[in-house]
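**Q** Need a 3D model of the sequence below.
(chains A and B, ligands or ions: 2)
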Amino acid sequence: MTAQELPIAGDADVVRVRQLVRTAAVAARLSLVDQTKLVTAASELARNTLTHGGGGSATVEQVSSTIKAGVRVVFHDKGPGIPDIALALTDGYTSANGMGLGLGGAKRLVDTFDIVSSPGEGTTVTVVKWAR
Amino acid sequence: MERIPILKIGNLLLVSIQVDLQDRTVITLEEDLAEKIVATGARGVVIDITALDIVDSFTGRMLATIASISRVLDAETVVVGMRPAVAITLVELGLSLEGIKTALDVERGMRLLSARA
Ligand SMILES: Nc1ncnc2c1ncn2[C@@H]1O[C@H](COP(=O)(O)OP(=O)(O)OP(=O)(O)O)[C@@H](O)[C@H]1O
Ligand SMILES: [Mg+2]
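**A** Numbers count the residues shown, from 1 in each chain, chains lettered A, B, ... in the order given. Ligands and ions are numbered 1, 2, ... in the order given. Next up is the predicted model:
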């Protein structure tokens, strides 16, 4: 599967992102638990892109090293950005009226988690989950 | 928009969540359920999530909200049918669903509630 980009502009898009990530996770032969973890993380991040980032995109791609296969998902928006990433990652911190679990929880659910964000320039979150 | 049906069984209400939930569907469900609890005088609500392949913080918040609304209307909520992979993921995500009763399946959930009703 080549990289596939989906827009995130509404609720229905969050559902589409979940479905595409599930398909890629099955194709990469992730275990059911790992599929569930990746899809759940993707759901959190897609919703953040929508509600905090004002919309953006998700790019889903199968990746492989010499010994294993995995799935990479990149969430991108041109929203307000995150002024304090460490604070945003803290469980329970929310600038809206959420539970503040999305970002920190998503990080725990994947193997690699990377955020690039600066105020005024938007946010890019990249996650990878490998098959075991 | 899909609307999630609410079934009345004795003095319990049963909600089987089948669709890939969207925000508006969830809000409608919360309103429908509150009305139905009052209209029927139901003492308990069984939420069946067998069909859900993930529960994220959005869904978790919905379950907590439904449980709170029901409690205020003197009905108790039990969430049933959580898949093992979903349970493992929920815990790692950090969602404890504290204060929400759970049971393995609909039958056990209904038994738990009718003990009260
Ligand atoms: N894409 C983004 N753009 C701007 N700010 C963001 C973005 N993603 C996360 N944030 C910031 O990080 C905070 C924490 O995010 P997190 O997902 O953990 O919690 P939440 O979305 O507020 O609540 P929950 O996900 O539990 O419903 C957010 O409240 C927001 O301030
Ligand atoms: Mg969030």
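
**Q** any idea how far the closest residue to A:G120 other than its chain neighbours is from ligand 2?
**A** The shortest distance from A:G120 to any residue other than its chain neighbours is 5.8 Å, reached at A:G81 (Cβ to Cβ, 6 or more residues apart in numbering or on different chains). (Each C-beta comes from the backbone N, C-alpha and C, glycine too.) Separation of A:G81 from ligand 2 (Cβ to the ion, to the nearest Å): 15 Å.

**Q** So A:G81 sits against A:V116, correct?
**A** No. Here A:G81 lies out of contact with A:V116, judged by Cβ atoms under 8 Å, at a distance of 9.6 Å.

**Q** tell me the contacts of the residue nearest to A:G120?
**A** Residues near A:G81 by Cβ atoms under 8 Å, 6 or more residues apart in numbering or on different chains: A:S117, A:S118, A:P119, A:G120, A:E121, A:G122, A:T123.

**Q** make it 10 Å
**A** A:G81 makes contact with A:H52, A:G53, A:V116, A:S117, A:S118, A:P119, A:G120, A:E121, A:G122, A:T123 under the criterion Cβ atoms under 10 Å, 6 or more residues apart in numbering or on different chains.

**Q** Ok, B:I100 next?
**A** Contact criterion Cβ under 10 Å, 6+ apart gives B:I47, B:G60, B:L63, B:A64, B:I66, B:A67, B:S68, B:T77, B:V78, B:V79 as the residues in contact with B:I100.

**Q** Let's see that with 7 Å instead.
**A** If a contact means Cβ atoms under 7 Å, 6 or more residues apart in numbering or on different chains, then B:I100 has B:L63, B:A64, B:A67, B:T77, B:V79 as its contacts.

**Q** Redo those residues as TSV? Include secondary structure and distance to B:N11.
**A** Formatted as TSV, the contacts of B:I100 follow (DSSP: H, G, I helix; E, B strand; the rest coil; distance: Cβ to Cβ, whole Å):
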residue	secondary structure	distance to B:N11
B:L63	helix	21
B:A64	helix	23
B:A67	helix	18
B:T77	strand	14
B:V79	strand	19
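
**Q** Against A:V116, how distant is B:E35?
**A** 46 Å (Cβ to Cβ, to the nearest Å).

**Q** my bad, should have said A:G79
**A** Counting by Cβ to Cβ, the gap from A:G79 to A:V116 is 13 Å.

**Q** Neighbour count: the two, which is higher?
**A** Neighbour count, other Cβ atoms under 10 Å in any protein chain shown: between A:G79 and A:V116, A:G79 has more, with 20 against 14.

**Q** Surely that one is within a helix?
**A** No. According to DSSP: H, G, I helix; E, B strand; the rest coil, A:G79 belongs to no helix; its state is coil.

**Q** so where's the longest helix in chain A?
**A** If each helix of chain A is counted by residues according to DSSP state H, the longest one is helix A:32-51.

**Q** Could you give the separation of that one from the chain centroid?
**A** For helix A:32-51, the separation from the chain centroid amounts to 6 Å (computed by Cα atoms, centre = their mean, to the nearest Å).

**Q** can you list the residues of chain A near chain B?
**A** Taking Cβ under 7 Å from any Cβ of the partner chain as the contact definition, chain A meets chain B at A:11-12, A:15, A:18, A:32-33, A:36-37, A:39-40, A:43-44, A:47, A:91, A:98-99, A:101-102, A:104-105, A:108-109.
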